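Trainee: here are the coordinates; sequence isn't available:
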């Protein structure tokens with residue numbers, strides 16, 4: 001008698017499907033189990049994506065981006081959010097495609113008060129900053145529109 005992973009797994013079939021597609025989409029993006037398979041955090045591995053869980057780390061990266069003349073892309077996301085998890089591979093690809101930008105993932109749960117001060121009403125929300133000032137914003141996990149927005153911001157940045 002064979003048992004499928006769908007019925008035998010205590011952590012759920014969707015975990016395996018999500019993990020499989022994430023690993024296949026971008027090998028550098030992977031899901032990390034946080035608490036008994038109920039909550040998920042997207043770890044965006046790579047030298048150009050930085051996971052922010054403290055105000056100090058966010059300020060340090062903002063200072064670094066300003067000093068280096070980089071556009072900073074701040075992705076306000078939640079570890080439990082399906083849309084945040086689904087856009088993660090695209091975000092990783094964009095980080096590799098635009099090395100002149102600095103990419104952050106800000107955990108809205110870990111930095112709830114900070115996220116509220118940025119008027120985050122939905123996740124994911126992406127802010128594009130140049131010299132500490134907002135130059136654009138994108139809300140949602142649209143896998144077609146986010147790369148278009150990134151290209152538009154890159155084009156705008158080339159004029160600075």
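Mentor: Here it is on my side, so go on. These figures come from a predicted structure and were not determined experimentally.

Trainee: my guess is residue 137 contacts residue 128. True?
Mentor: Yes. Using C-beta atoms under 8 Å, residue 137 is in contact with residue 128, at 7.0 Å. Every C-beta, even on glycine, is put in place using the N, C-alpha and C of the backbone.

Trainee: what is the burial count for residue 64?
Mentor: Neighbour count of residue 64, defined by other C-beta atoms under 10 Å: 13.

Trainee: part of a strand, is it?
Mentor: No. Residue 64: not assigned to a strand; according to DSSP: H, G, I helix; E, B strand; the rest coil it is helix.

Trainee: contact partners for it?
Mentor: Each residue near residue 64 by C-beta atoms under 8 Å, 6 or more residues apart in numbering is listed here: 70, 102.

Trainee: measure it to residue 70 for me?
Mentor: Taking C-beta to C-beta, to the nearest Å as the measure, residue 64 falls 8 Å from residue 70.

Trainee: worst-scoring helix or strand of the protein, pLDDT-wise?
Mentor: Every helix and strand of the chain was ranked by mean pLDDT, DSSP states H and E. The lowest is helix 13-25, at a mean of 37.

Trainee: looking at the chain, which helix is longest?
Mentor: The residue-count maximum for a helix in the chain (DSSP state H) belongs to helix 82-97.

Trainee: what about the helices in this structure?
Mentor: Using DSSP H, helices in the chain cover 5-8, 13-25, 55-68, 82-97, 112-117, 145-157.

Trainee: so what's the closest residue to residue 121 other than its chain neighbours bridging to?
Mentor: Once flanking residues are discounted, residue 121 sits nearest to residue 139: 7.9 Å by C-beta to C-beta, 6 or more residues apart in numbering. Taking DSSP bridges as the rule, residue 139 bridges to residue 125.

Trainee: any common contacting residues for residue 64 and residue 70?
Mentor: By C-beta under 8 Å, 6+ apart, the residues touching both residue 64 and residue 70 are residue 102.

Trainee: by contact count, what packs against the longest helix of the chain?
Mentor: In terms of contacts (3 or more C-beta pairs under 8 Å, 6 or more residues apart in numbering; DSSP states H and E), helix 82-97 is packed against helix 13-25, strand 29-35, strand 39-44, strand 49-52, strand 71-77, strand 101-107, helix 145-157.

Trainee: now render the helices of the chain as CSV, adding distance to residue 132.
Mentor: Formatted as CSV, the helices of the chain follow (distance: least, C-beta to C-beta, whole Å):
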stretch, distance to residue 132
helix 5-8, 48
helix 13-25, 32
helix 55-68, 6
helix 82-97, 20
helix 112-117, 15
helix 145-157, 14
